[in-house]
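Visitor: Predicted model and sequence follow; I will ask about them next.
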Amino acid sequence: MQHYLDVFIAILPFLWTGFVQTFWVSLVAIAAGSVLGFLIGVVRSQRIPFFHRLFGLYIHILRGTPFLVQLYVFYFVLPNTGIEALQWSSEMAAFVSLSVYTSSYVAEIIMAAIDAVPKGQWEAATALGFKRLSILALVVLPQALKLAVPPMSGVYVNIIKNTAILSVIGISELTRQGEISIMRFPRDVLFIYGVIALVYFVYCYPVLRFTRWAERKVGGTRVVNLD
Amino acid sequence: MPPSDPKPIIIAESVRKTYRSNDGRSHLALGGVSAEIGRGEVLVVFGPSGSGKSTFLRTLNALESIDSGRIVVDGVEISDPGADLNKLRSEVGMVFQLFNLFQHRTALDNVVLPQIVVHRRSKSEAVRRAHDLLGKVGIDDRAGHYPSQLSGGQQQRVAIARALAMDPKVMLFDEPTSALDPETVTGILDLMTELAAEGMTMAVVTHEMGFAREIANRMLFMDSGLIVEEGSPQQIFQMPRQERTKEFLKQIL
Ligand SMILES: Nc1ncnc2c1ncn2[C@@H]1O[C@H](COP(=O)(O)OP(=O)(O)O)[C@@H](O)[C@H]1O
Ligand SMILES: [Mg+2]
């Protein structure tokens, strides 16, 4: 027991650094990805053929390929194009790729939520003389966002867990810091991974609880599945 | 009928409308419909389900586009590319079978919001107006309730108040009592009778024939996307000319 306590105290600074990195990268990805996904979802919901298809393709590509592959594209391929703006650090590549990945899920949820608002709401507002943008902003989106809350928190948990993959490009997030710790205490592999899993769980659990709470609050209808 | 201004408020000429579904099939919903609504007139439209009554009403405020024909509302041709459809729609009130109240807003806000957004009224003026109208339709004591907390009849009252808040020149009612419990139907019909008595121009799709006989200046019988017969309530009920009208009336009376 004393041994585990010693190991725990020894790796605590690493875990803390890792957690802070994981926290930031997931926060940035969730914030940027949600804003981007929101915009894409709203545009797609308007069914303007060209944009609907263009962003449909964007979503299909992002959801149909492993995040690891996307990460490599952002980290290895894009900086090699010679374009100045794409000469980014591994940290920047991590932020951008995870945000883009997040946006594809958020966009689908937002579009599904907008579609789930009954047509009668559009019709009533149109018949009253509302412009299309007013209908969207004042009538449909307030109702759609409520529907989007439960599935959205599910995505957020997924994003937090996916930050672990960022270790492969040297981002010193939680999993990476764990691996460094294991190099120092190779015989405590199991224990260290256990502690790391626990930290992820402690971070994700409140988000999951929030999902349950929001589901009950909104009426428990999941408007989109997340496979 | 008090035709102070003899020009009809709405003129529809040979209106055709086809619905196209995604699988490429098309369905002719209106096969050339011509009708007029005079100022101060109450027009009742009836006919079997699927005959195109709703579609016809919805073309009148451009909720549905048309394939061909002409619709003129208060002198403005609505298929004219320069026509201000939002302004036109605000002048044509519409009441739906399923009320379509804004679910995230209270009864009061349902009546306030369109005034602010569409007519740019000040908040205080809109609120005052909303309370007046909710009082008029007999439901001001429920002003703070959300639609989900109101009965169907109460929701329809709010919906009528909301439409009236735009100061419409004409009101379209699409089966306003079809989704209501029998005991609340009368209240809504009485409210509409009151509006008609105040001189509101109205086009009403309804199956309530007793109400139609009382309120209508003129009636249209529609079947298969066409107006089969048109006439005064006396003429329609006592001596319908078309076989199809007779048959239908026999079924529902
Ligand atoms: N959005 C739509 N898409 C395809 N067909 C429709 C649509 N709305 C109505 N229809 C069809 O058009 C016809 C007329 O419908 P409608 O105007 O609703 O009739 P009514 O109100 O008299 O019952 C019906 O056959 C109906 O199935
Ligand atoms: Mg109908």
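Guide: It's in. Ligands and ions are numbered 1, 2, ... in the order given.
Visitor: give me the low-pLDDT residue ranges for chain A?
Guide: Residues of chain A meeting the criterion pLDDT under 70: A:218-227.
Visitor: what residues are up against whichever residue of it sits closest to chain B?
Guide: Ranked by C-beta to the nearest C-beta, the top residue of chain A for proximity to chain B is residue A:129, at 3.1 Å. Where C-beta positions appear, they are placed from N, C-alpha and C, glycine not excepted. By C-beta atoms under 8 Å, 6 or more residues apart in numbering or on different chains, the residues touching residue A:129 are B:86-91, B:114, B:118, B:166.
Visitor: For residue B:20, which non-adjacent residue is closest in space?
Guide: residue B:26 (4.7 Å; C-beta to C-beta, 6 or more residues apart in numbering or on different chains).
Visitor: For chain A, which segments count as helices?
Guide: Secondary structure of chain A (DSSP state H): helices at A:2-45, A:49-63, A:67-72, A:90-116, A:119-128, A:132-134, A:141-162, A:174-184, A:189-218.
Visitor: Looking at those helices, which is nearest to ligand 1?
Guide: Nearest to ligand 1 among the helices of chain A is helix A:119-128; the distance by C-beta to the nearest ligand atom comes to 9.1 Å.
Visitor: Residue numbers of the stretch 51-200 of chain B in contact with chain A?
Guide: B:61, B:63, B:86-94, B:96, B:98, B:100-104, B:113-114, B:117-118, B:159, B:162-163, B:166 (C-beta under 8 Å from any C-beta of the partner chain).
Visitor: buried subset of the contacts of residue A:129?
Guide: B:86, B:88-91, B:114, B:118, B:166 (16 or more other C-beta atoms under 10 Å in any protein chain shown).
Visitor: In JSON lines: those, plus distance to residue A:103.
Guide: Formatted as JSON lines, these follow (distance: C-beta to C-beta, whole Å):
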{"residue": "B:86", "distance to residue A:103": "32"}
{"residue": "B:88", "distance to residue A:103": "39"}
{"residue": "B:89", "distance to residue A:103": "35"}
{"residue": "B:90", "distance to residue A:103": "37"}
{"residue": "B:91", "distance to residue A:103": "42"}
{"residue": "B:114", "distance to residue A:103": "34"}
{"residue": "B:118", "distance to residue A:103": "34"}
{"residue": "B:166", "distance to residue A:103": "39"}
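Visitor: do you know how far the residue lying closest to residue A:8 once chain neighbours are set aside is from residue B:189?
Guide: Once flanking residues are discounted, residue A:8 sits nearest to residue A:195: 6.7 Å by C-beta to C-beta, 6+ apart. Here the criterion is C-beta to C-beta, to the nearest Å. By it, residue A:195 lies 71 Å from residue B:189.
Visitor: For residue B:182, which of the helices of chain A is the nearest?
Guide: With C-beta to C-beta, the closest approach to residue B:182 among the helices of chain A belongs to helix A:119-128: 23.0 Å.
Visitor: Check which helices and strands that closest one sits against.
Guide: helix B:85-91, strand B:92-95, helix B:107-119, helix B:152-164 (3 or more C-beta pairs under 8 Å, 6 or more residues apart in numbering or on different chains; DSSP states H and E).
Visitor: Do any residues in it lie close to ligand 1?
Guide: No - using C-beta under 6 Å from any ligand atom, helix A:119-128 stays clear of ligand 1, coming no nearer than 9.1 Å.
Visitor: buried stuff in that helix?
Guide: A:121-128.
Visitor: and those as CSV, adding distance to residue B:122?
Guide: Converted to CSV, the buried residues of helix A:119-128 look like this (distance: C-beta to C-beta, whole Å):
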residue, distance to residue B:122
A:121, 25
A:122, 27
A:123, 27
A:124, 23
A:125, 21
A:126, 24
A:127, 23
A:128, 18
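Visitor: these two touch, right, the residue nearest to residue A:8 and residue A:11?
Guide: Yes - counting by C-beta atoms under 8 Å, residue A:195 does reach residue A:11; the two are 7.4 Å apart.
Visitor: So which of those two has more stuff around it?
Guide: Using other C-beta atoms under 10 Å in any protein chain shown as the criterion, residue A:195 and residue A:11 rank with residue A:11 on top: 23 against 18.
Visitor: I figured the more buried one hits residue A:191, correct?
Guide: No - with contact defined as C-beta under 8 Å, residue A:11 and residue A:191 do not form a contacting pair (9.4 Å).
Visitor: Quick one: classify the residue nearest to residue B:216 when sequence neighbours are not counted as helix, strand or coil.
Guide: Using C-beta to C-beta, 6+ apart and skipping residues adjacent in sequence, the residue nearest residue B:216 is residue B:44, 4.0 Å away. Here residue B:44 is recorded as strand under DSSP: H, G, I helix; E, B strand; the rest coil.
Visitor: List the residues that contact residue B:44.
Guide: Listed by C-beta under 8 Å, 6+ apart, the contact set of residue B:44 reads B:203-206, B:212, B:215-216, B:218-220, B:233.
Visitor: Just want the most central residue of chain B.
Guide: Central residue of chain B (C-alpha atoms, centre = their mean): residue B:172, 1.6 Å from the mean position.
Visitor: From ligand 1, how far off is that residue?
Guide: The gap separating residue B:172 from ligand 1 is 12 Å, by C-beta to the nearest ligand atom, to the nearest Å.
Visitor: Using the three-state scheme, assign that residue.
Guide: At residue B:172 the chain is in strand, as set by three-state DSSP.
Visitor: is it in a bridge, and if so with what?
Guide: Going by DSSP bridges, residue B:172 is paired in beta bridges with residue B:94, residue B:203.
Visitor: in chain B, what spans have low per-residue confidence?
Guide: Within chain B, the stretches with pLDDT under 70 are B:1-5.
Visitor: What residues does it have near ligand 1?
Guide: So chain B meets ligand 1 at B:19, B:21, B:27, B:29, B:47, B:49-55 (C-beta under 6 Å from any ligand atom).
Visitor: Which of the residues you listed are buried, as a PyMOL select command?
Guide: Remark: buried members of those, expressed as a PyMOL selection using 16+ other C-beta under 10 Å:
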select buried, chain B and resi 29+47+51+52+53+54+55
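Visitor: For residue A:76, state which of the residues of chain B next to ligand 1 is nearest.
Guide: Distances from residue A:76 to the residues of chain B next to ligand 1, taken by C-beta to C-beta, are shortest for residue B:21, at 47.1 Å.
Visitor: I figured residue A:165 hits residue A:69, correct?
Guide: No - counting by C-beta under 8 Å, residue A:69 is not a contact partner of residue A:165; they are 10.4 Å apart.
Visitor: more neighbours, these two?
Guide: The neighbour comparison of residue A:165 against residue A:69 (other C-beta under 10 Å) goes to residue A:165, with 20 against 9.
Visitor: show me the contacts for that one.
Guide: Going by C-beta under 8 Å, 6+ apart, residue A:165 touches A:67-68, A:71.
Visitor: Tabulate the residues you listed in a markdown table, adding columns for distance to residue A:82 and neighbour count.
Guide: Below are the contacts of residue A:165 laid out as a markdown table (distance: C-beta to C-beta, whole Å; neighbours: other C-beta atoms under 10 Å in any protein chain shown):
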| residue | distance to residue A:82 | neighbour count |
| --- | --- | --- |
| A:67 | 25 | 17 |
| A:68 | 24 | 14 |
| A:71 | 20 | 23 |
